[in-house]
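Enquirer: output the structure for:
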Amino acid sequence: MAHLFSPFTLRDVTFKNRIAVSPMSQYRAKHGHANNWHLVHLGRFAMGGAGLVYAEASAVEADGRRTHGDLGLWDDGHIDDLKPITGFLSQCGAVPGIQLGHAGRKASERRPWHGETPVDQDDVALREEAPWTAIAPSTIPYADGWPLPQEMSEGDIENVILSFGEAAKRAHTAGFKIIEVYAAHGFLVHQFLSPIANQRSDSWGGNRDNRNRLAVEVARSIRRNWPAAYPLAFRLSSTDWLEGGIEIEDTIETARALKAAGVDLIDCSSGGVGGKDRPRRMTIKQGFQAPFAADIRRNAGIATMAVGFLWDAKVCEQILADDQADMIALARELLDDPNWPLHAARRLDVADHRDLWPIEAGWWLSKRERLLTKLGLR
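Expert: This next block holds a predicted model:
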C-alpha cells in the first residue's frame, strides 16, 4: 500500500490516511460563530477523502482574533455551531481537528481582500467593524505602519494560558478529536518564541527556555482540559529566515520541550514573524519545508507533519517513504481540488481506488469507467 494511504495513530485516534487539510481561514464568521459556509467548506474535504480535516484558526480570546471574520472558541456559545461540522466530518471518516490561536500583535487586521492592513475608522464606516488594541510580548509593531501593541503583563499572559485551556474544553464538547496550537507565522505564541518579537527581560523572554515558556505552559493548560486519549499538535515556524531569529536548532529544542509537556505532533512550517514581505533567505519550491519536518522528527523524537507548497502526490509519497514526516498537510491545492486525496490514490496506483470514494459518487464513477472501457473510449 502507498504510504500516503496507510493509517496512522496518535494516542487513541487513528487517521485513515496520512493526508491532512491545513487550517484555512475563511473570514466568514460573525462574532466568532461558525455557519453553513464552514460546514460546506470543510465537509467537501472530508468527502474528498482526507484523513484529517482542520477547522481554521479559532481565537481563544475575542481580542485574539486576527480579523472580525475569524472563528472563535472563547465562549460557550460557539460550541453548538461547530457540532454539525464535527459530526459531518466524522460521518465521512475524517478526524475533525481544530487550530487554536491568538493573533497577538497581528490582531485587529483587515481581511486579505480588504487590504490585510490594520483596521481603522474607515472600517467602522464601511463595515461597522471597529479596531481594538493588540497585545504582544513587547511593544514592537508587526510591520511598518502598524500600531504599537500593548506589552503583556504577567496577568495578561496567565489569562491567555487559561484561555487556551478553556478553549480546549469547548473543542472537546464540540466534537473535535485533535487540537493544533497556532504557534507559527507571527501569531502570539510564535511572537514569544522569536527574539525578533520578544525582547522581554523577565522570565518570559531572553534565553531560549524563557521564550519557550509560553508555548510549554499553553500545552500544559490544554492537556489539563483535553482528554488523554486525544492528540495535541503544535504548528511551529521552524525558522524565521531572518538573522537574529529562530533557527532549526531552536525549534528542535522547542519540540523536545513540547513533547515533554504532552504534545504529540509538530506541524513544521516557517517564517511569518518579520512582516508581510518574504525574507531573502527563503527559497520557495515544492516541499521546501519537508527537511525541517525530517530534522525535528529525527532529533526531537516526535511525529511531524510536512506542509507548504505540496501538490504532487508522488512528491508527498516520497516524503513519507523517506521518513521525513508522518503526515502531509495541504491547503490551497485542496481549494483547487477538494478531491485531491481520491485523485492521488489513482495517481499512486492504489488498488481499488474507486472504493475510497463515497458510494454516492464512487458507484456511478465505476459504472461510467466500465462503460467507457467497454466502448473503447478510454
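
Enquirer: pLDDT weak spots in the stretch 201-350 of the chain?
Expert: Low-confidence segments of the stretch 201-350 of the chain (pLDDT under 70): 276-278, 280.

Enquirer: if you set the cut-off to 80 instead, what comes out?
Expert: Within the stretch 201-350 of the chain, the stretches with pLDDT under 80 are 275-282.

Enquirer: now do the strands in it.
Expert: Shown for the stretch 201-350 of the chain, the strands assigned by DSSP state E, counting those that start in this stretch span residues 232-237, 265-269, 303-307, 327-330.

Enquirer: what's the closest of these to His38?
Expert: Nearest to His38, of all those, is strand 327-330, at 18.4 Å by CB to CB. For every residue, glycine as well, the C-beta is placed using N, CA and C.

Enquirer: so for that closest one, what gets flagged as buried?
Expert: Within strand 327-330, the residues that count as buried by 16 or more other CB atoms under 10 Å are 327-330.

Enquirer: please apply the same query to stretch 332-345.
Expert: Neighbour counts using 16+ other CB under 10 Å place 334, 338-342, 344-345 of stretch 332-345 among the buried residues.

Enquirer: please apply the same query to stretch 361-369.
Expert: Gly362.

Enquirer: just the C-alphas of it, formatted as CSV.
Expert: Output of stretch 361-369 as CSV, limited to C-alpha atoms (Å, rounded to 0.1, in the frame of the first residue of the first chain):
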residue,chain,number,x,y,z
ALA,A,361,-20.1,9.1,-6.2
GLY,A,362,-17.9,6.0,-6.5
TRP,A,363,-20.7,3.7,-7.7
TRP,A,364,-21.5,6.0,-10.6
LEU,A,365,-17.9,6.7,-11.5
SER,A,366,-17.1,3.0,-11.5
LYS,A,367,-20.1,2.3,-13.8
ARG,A,368,-19.0,5.0,-16.2
GLU,A,369,-15.5,3.7,-16.2
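
Enquirer: burial measure for the closest residue to Ser194 other than its chain neighbours, as a count.
Expert: The shortest distance from Ser194 to any non-neighbouring residue, by CB to CB, 6 or more residues apart in numbering, is to Val273 (4.8 Å). Neighbourhood size, Val273 [other CB atoms under 10 Å]: 27.

Enquirer: likewise for Trp241?
Expert: Other residues within reach of Trp241, judged by other CB under 10 Å, total 20.

Enquirer: show me the contacts for the nearest residue to it once chain neighbours are set aside.
Expert: Nearest residue to Trp241, sequence neighbours excluded (CB to CB, 6+ apart): Pro279, at 3.7 Å. Pro279 makes contacts with 240-242, 271, as judged by CB atoms under 8 Å, 6 or more residues apart in numbering.

Enquirer: quick one: Pro279 and Gly104, what's the gap?
Expert: 19 Å (CB to CB, to the nearest Å).

Enquirer: also Ala313?
Expert: Taking CB to CB, one finds Ala313 at 36 Å from Gly104.

Enquirer: report the two of the contacts of Pro279 separated the most.
Expert: By the measure CB to CB, Leu242 and Gly271 form the most distant pair in the contacts of Pro279, at 8.4 Å.

Enquirer: nice, that's everything, thank you.
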